[in-house]
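*Asks:* just to be clear, the model below is a prediction. Sequence and coordinates:
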Amino acid sequence: MTDSPSRPVALVTGAARRIGAAIASHLHACGYDVIVHYRRSAHDAERLVERLNADRPGSALAAAADLADPAGCEALVERAAAWRGGRLDALVNNASSFRRTPLGTIDDAAWHELVDGNLKAALFCSQAAAPWLRASGGAIVNLCDVHTERPLREFSVYSAAKAGIVALTRALALELAPAVRVNAVSPGSLDWPEEGIFTDAERAATEAAIPLARLGNGRDIAQAVEFLLRGNRYVTGHVLAVDGGASLVSR
């Protein structure tokens, strides 16, 4: 591992759109150079990188990888670390798959899509990044979901995969201490996805149950990620709920 610039380097998975793009943009504004990972959203990733590089030339890189494949995780991390001469300060495991899996319809393909796209990706990216993060005294932030504690009906596989990320966060916090801190952000309901996953009635009921009376957004999550990366260096193994208080009430 060689000398590197003074700016810290962050790899954000699933960063082309939505929450991941907000996290990458916020960390960039905080002074990080960022690697914007994507799987299929090349156009969105390149547009984001172009915008970030317009603000600070040479400070962002788009990188494609299939994180369901451990070799893809390793190659992504190696490329990210090599970009700045062997430096990696932060890994944000944001990449995620999300869809309904009503009991009776679950098959092996659904299991692999949701578990591989969430838990497996986070594990193998973290494993690949660990040597670089130990060298820099860096940190990992995983994205889980408040519904790991209170699962959504018909989302059993997704809920199980995200619950695995909570367990992974705590296990890695022990295994990588004291050099690397590992925490998680647990988002509540955010700006609704473009896909029609939820009905209008489900959306209305969810929004009505939030004590802070609004959906969360990417900036809310990005600020929490920044805090866990550098706002307090005596926090590890923690899962921070960012849900407007929704987990305090029952529906």
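*Replies:* That came through, no problem.
*Asks:* could you pull up the residues touching residue 46?
*Replies:* For residue 46, the contacting residues are residue 62, by C-beta atoms under 8 Å, 6 or more residues apart in numbering. C-beta: built from backbone N, CA, C; applies to glycine.
*Asks:* hmm, residue 21 is touching residue 48, no?
*Replies:* Yes - the pair residue 21 / residue 48 is scored as a contact, 5.5 Å apart, by C-beta atoms under 8 Å.
*Asks:* what touches both of the two?
*Replies:* Common neighbours of residue 21 and residue 48, using C-beta under 8 Å, 6+ apart, are 15, 36.
*Asks:* who touches stretch 161-178?
*Replies:* Taking C-beta under 8 Å, 6+ apart as the rule, stretch 161-178 contacts 93, 114-115, 117-119, 122-123, 126, 130, 133-134, 140, 142-145, 147-148, 180-184, 186, 236-237, 239.
*Asks:* need the buried ones from those residues selected in PyMOL.
*Replies:* Buried residues among these (16 or more other C-beta atoms under 10 Å), as a PyMOL selection:
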select buried, resi 93+114+115+117+118+119+122+123+126+130+133+140+142+143+144+145+147+148+180+181+182+183+184+186+236+239
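*Asks:* what's the average pLDDT for stretch 215-228?
*Replies:* Throughout stretch 215-228, pLDDT has a mean value of 95.
*Asks:* now that stretch: buried residues?
*Replies:* Judged by neighbour count (16+ other C-beta under 10 Å), stretch 215-228 contains these buried residues: 215-216, 218, 220-226, 228.
*Asks:* could you dump those residues to a markdown table with distance to residue 37?
*Replies:* Output for the buried residues of stretch 215-228, formatted as a markdown table (distance: C-beta to C-beta, whole Å):
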| residue | distance to residue 37 |
| --- | --- |
| 215 | 25 |
| 216 | 22 |
| 218 | 16 |
| 220 | 21 |
| 221 | 16 |
| 222 | 16 |
| 223 | 21 |
| 224 | 20 |
| 225 | 15 |
| 226 | 18 |
| 228 | 19 |
